[in-house]
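Participant: this one's sequence-less:
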């Protein structure tokens, strides 16, 4: 998996994406997350990447030409799926992360200031993605969030596939609660079922907790949930009876 990130602050990207799990995955050659400085493609000696907006108004707008030249260099004559991290974009979710994973090579564009010249978006961007209904100072944090979500699903990055398929959002549910040592922490004991050693009962408990948590905390997700088998149907009836 190769991800190129177009940014005004490449050091910010490198500092994060070279650490922890994604950093180790890059060292092993499993993934590549590279940050390219848009200013390197500016046309003047001051490496200017923005200017005042036509029509007036506050702030600066990122220039189309440095963005275009940077994008052109990263594409190297080919067609690379390009994402602009934008407050106007479609909300990012696990399904979109899986979709991007299938692309193998993706370019993420980080905006800054008041925005990006629309003509670059029209010419080079395939889709816009948002990580939530709020505004940040730039697209670097969203880009790193997207890159992390995608790269962690590359085979070999995590110990096994279950490390991400059993997590929240993979199948439309939130994940069950987790516990570790000690058995009793400040008067709060670990649920007895987790100490029983009965793996079938533990899995059933985890599934029930996942269903309960989703219904309580994310009713919007739960509304689209479809029981996978008779066990799910039984658990749902039990949850309804307890309400």
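Facilitator: Here it is on my side, so go on. Being a predicted model, the structure only gives us computed values, none of them experimental.
Participant: with adjacent residues omitted, what lies nearest to residue 123?
Facilitator: The spatial neighbour of residue 123 that comes closest, neighbours along the chain excluded (C-beta to C-beta, 6 or more residues apart in numbering), is residue 68 at 6.7 Å. No exception for glycine: its C-beta is placed from N, CA and C like everyone else's.
Participant: OK, contacts around the residue most central in space within the chain?
Facilitator: Closest to where the C-alpha atoms of the chain average out (C-alpha atoms, centre = their mean) is residue 146, at 3.1 Å. By C-beta atoms under 8 Å, 6 or more residues apart in numbering, residue 146 lies in contact with 83, 85, 92, 97, 100, 108, 129, 131.
Participant: residues in a beta bridge with the first one, which ones?
Facilitator: Beta bridges link residue 83 to residue 108, residue 127 when assigned by DSSP bridges.
Participant: neighbours around residue 49, how many?
Facilitator: Neighbour count for residue 49, taken as other C-beta atoms under 10 Å: 23.
Participant: phi first, then psi, for it.
Facilitator: Dihedral pair for residue 49: phi -120, psi 10, per degrees, to the nearest 10.
Participant: same question for residue 156.
Facilitator: Residue torsions, per degrees, to the nearest 10, at residue 156 are phi 100, psi -20.
Participant: so it touches residue 26, yeah?
Facilitator: No: if you go by C-beta atoms under 8 Å, residue 156 and residue 26 don't touch, sitting 11.9 Å apart.
Participant: got phi/psi on residue 81?
Facilitator: According to degrees, to the nearest 10, residue 81 has phi -60, psi 130.
Participant: same check, this time on residue 61
Facilitator: Dihedral angles (degrees, to the nearest 10) for residue 61: phi -120, psi 140.
Participant: what residues of the longest helix seen in the chain count as buried?
Facilitator: Secondary structure assigned by DSSP state H gives helix 199-217 as the longest helix of the chain. Neighbour-count burial for helix 199-217, with 16 or more other C-beta atoms under 10 Å as criterion, is recorded at 202, 205-215.
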